[in-house]
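S.K.: Sequence and predicted structure, then a few things I'm wondering about:
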Amino acid sequence: MEKITVIIPCYNEEETIPVFVEEMEKVYTSMREKYDIDMEYLFVDDGSKDKTLIILEEYSEKNERVSYITFSRNFGKEAAMYAGIENSDADYTVIIDADLQDPPELIEEMYRILKTEEKYDCVASRRYTRTGEPKIRSWFAKMFYKIMAKISKTEIVDGARDFRMMSRRMVDAILSLSEYNRFSKGIFSWVGFETKWLEFENRERVGGKTKWSFWGLLIYAIDGVVAFSTAPLAISSIIGIIFCIIAFLGVCFIFIRALLFGDKVAGWPSTACIICFISGIQLFCNGISGIYLSKTYTETKHRPQYIAKKICRHSSETEKK
Ligand code: UDP
Ligand code: MG
């Protein structure tokens with residue numbers, strides 16, 4: 001019998017969990033008829049402030065497939081996904097959102113592909129539309145993928161979701177990357193292995209609202225760039241060199257002009273503008289180095305990704321008091 005563990009990061013998802021479990025049960029029943037499988041829904045409660053945990057406790061009491069891990073506070077989706085895969089002992093591990101924006105019915109197709117097509121270790125999903133999303137958000141997302149394609153060796157697919165099914169060996173490979181600043185979309189690609197992409201149309205959440213603000217997404221994008229490319233550092237050095245050349249030519253020009261026509265004290269406003277501009281560029285480039293330095297700083301602290309308050313699995317239960 002093969003085991004499939006479905007990891008569901010949840011942060012304030014009281015409205016969506018009941019609908020999600022209902023849909024997952026349909027998928028499980030349908031798969032059970034065709035395959036000899038065992039399934040576990042491993043919810044990771046990322047420090048929710050609503051009734052998410054109470055709902056999970058209720059479900060896990062009446063449904064043996066429902067397990068959960070609950071964090072001591074909100075650690076973010078990346079940490080929740082990591083906790084899930086770290087605790088998964090399954091042959092196949094799935095990551096899926098709780099809000100049904102990722103269609104659970106695709107899990108059956110993912111399993112079929114991994115079983116029949118030997119060369120694949122991962123079946124991932126990608127949405128080919130962004131309907132229902134604010135235009136400005138879609139535009140920035142597109143720009144992010146375009147820039148990443150240019151500056152990073154790791155391929156990050158436009159529209160790729162975290163929703164995917166992975167083989168045991170791919171999960172082990174992901175766990176072997178112990179970095180603190182995790183950007184999963186990059187890590188999935190970095191570890192390699194053949195991935196098959198399934199496409200689906202964007203869907204709206206079944207309830208609740210998105211946890212991502214525009215600024216949240218912008219910081220997430222910067223984290224992605226910093227984690228998988230050092231190009232901004234090189235670019236800031238190049239900007240520095242270009243400005244040195246411009247300054248050198250400027251000095252030559254002023255020197256020669258003073259020799260030929262004498263030195264009239266004029267043009268201080270333009271000088272002030274140039275000073276402002278150059279200091280801006282300097283601060284900007286300093287900031288870039290600063291971001292990399294701060295990431296290095298957080299890495300060297302070796303803090304854990306998350307602190308679990310309680311882990312409730314049907315095989316074991318651990319509560320830390
Ligand atoms: N999530 C989480 N921790 C967070 C934020 C989000 O575990 O700090 C979960 C959330 O409950 C959901 C998934 O991550 O299951 C995706 O979040 P959301 O739907 O808000 O993102 P979007 O689909 O809008 O990108
Ligand atoms: Mg969502």
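M.R.: Arrived safely, thanks for sending. Ligands and ions are numbered 1, 2, ... in the order given.

S.K.: so where is the chain shaky, pLDDT-wise?
M.R.: 263, 265, 315-321 (pLDDT under 70).

S.K.: what about residue 61, which helix or strand?
M.R.: helix 52-62 (DSSP states H and E).

S.K.: Would you mind listing the buried residues in that helix?
M.R.: For helix 52-62, a neighbour-count test (16 or more other C-beta atoms under 10 Å) marks 52, 53, 55, 56, 57, 59, 60 as buried. Backbone N, C-alpha and C define where each C-beta goes, glycine included.

S.K.: Are the helix or strand following it and ligand 1 in contact anywhere?
M.R.: Per DSSP H and E, helix 52-62 leads on to strand 66-71 as the next helix or strand towards the C-terminus. No - for strand 66-71 and ligand 1, the contact criterion (C-beta under 6 Å from any ligand atom) is not met; the two come no nearer than 9.0 Å.

S.K.: Flag every buried residue along strand 66-71.
M.R.: So for strand 66-71, counting by 16+ other C-beta under 10 Å, buried means 66, 67, 68, 69, 70, 71.

S.K.: Same check on stretch 6-23?
M.R.: 6-17, 20-21.

S.K.: Residue 75 touches residue 305, doesn't it?
M.R.: Yes - counting by C-beta atoms under 8 Å, residue 75 touches residue 305, with 6.9 Å between them.

S.K.: Looking at these two, which has the bigger crowd around it?
M.R.: Taking other C-beta atoms under 10 Å, residue 75 and residue 305 do not tie; residue 75 has more neighbours (21 against 18).

S.K.: The more buried one falls within a helix, correct?
M.R.: No - applying DSSP: H, G, I helix; E, B strand; the rest coil, one finds residue 75 to be coil, outside a helix.

S.K.: Spit out the contact partners of it.
M.R.: The contact partners of residue 75, taken as C-beta atoms under 8 Å, 6 or more residues apart in numbering, are 46, 47, 305, 306, 307.

S.K.: Which stretches in this protein count as strands?
M.R.: Listed in chain order, the strands of the chain (DSSP state E) span 2-10, 37-45, 66-71, 92-95, 120-127, 160-167, 194-200, 308-312, 317-319.

S.K.: Could you dump those strands into CSV with distance to residue 231 added?
M.R.: Compiled in CSV, these are given as follows (distance: least, C-beta to C-beta, whole Å):
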stretch, distance to residue 231
strand 2-10, 30
strand 37-45, 33
strand 66-71, 34
strand 92-95, 28
strand 120-127, 24
strand 160-167, 21
strand 194-200, 24
strand 308-312, 36
strand 317-319, 43
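
S.K.: Smallest gap between the stretch 101-250 of the chain and ligand 2, at which residue?
M.R.: Here the stretch 101-250 of the chain gets closest to ligand 2 at one residue, residue 101, 4.1 Å apart by C-beta to the ion.

S.K.: who's in contact with the closest residue to that residue other than its chain neighbours?
M.R.: Distances taken as C-beta to C-beta, 6 or more residues apart in numbering place residue 203 nearest to residue 101, at 5.2 Å, with adjacent residues excluded. Neighbouring residues of residue 203 by C-beta under 8 Å, 6+ apart: 100, 101, 103, 132.

S.K.: which of those are close to ligand 1?
M.R.: residue 101.

S.K.: hmm, back to that, generate a PyMOL selection restricted to the buried subset of the contacts of residue 75.
M.R.: Burial among the contacts of residue 75 is assessed by 16+ other C-beta under 10 Å; the matching PyMOL selection reads:
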select buried, resi 46+47+305+306
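
S.K.: for the top helix by length along the chain, which positions count as buried?
M.R.: Looking across the chain with DSSP state H, the single longest helix is helix 268-300. Neighbour counts over helix 268-300 (16+ other C-beta under 10 Å) mark 285, 288, 291, 295 as buried.

S.K.: my guess is residue 96 meets residue 163, correct?
M.R.: Yes - Residue 96 is in contact with residue 163 according to C-beta under 8 Å; the separation is 5.1 Å.

S.K.: about what we covered before: which two of the buried residues of helix 268-300 have the greatest separation?
M.R.: 285 and 295 (16.4 Å; C-beta to C-beta).

S.K.: got the contact list for residue 3?
M.R.: With C-beta under 8 Å, 6+ apart, residue 3 has these contacts: 37, 38, 39, 40, 89, 90, 91, 92.
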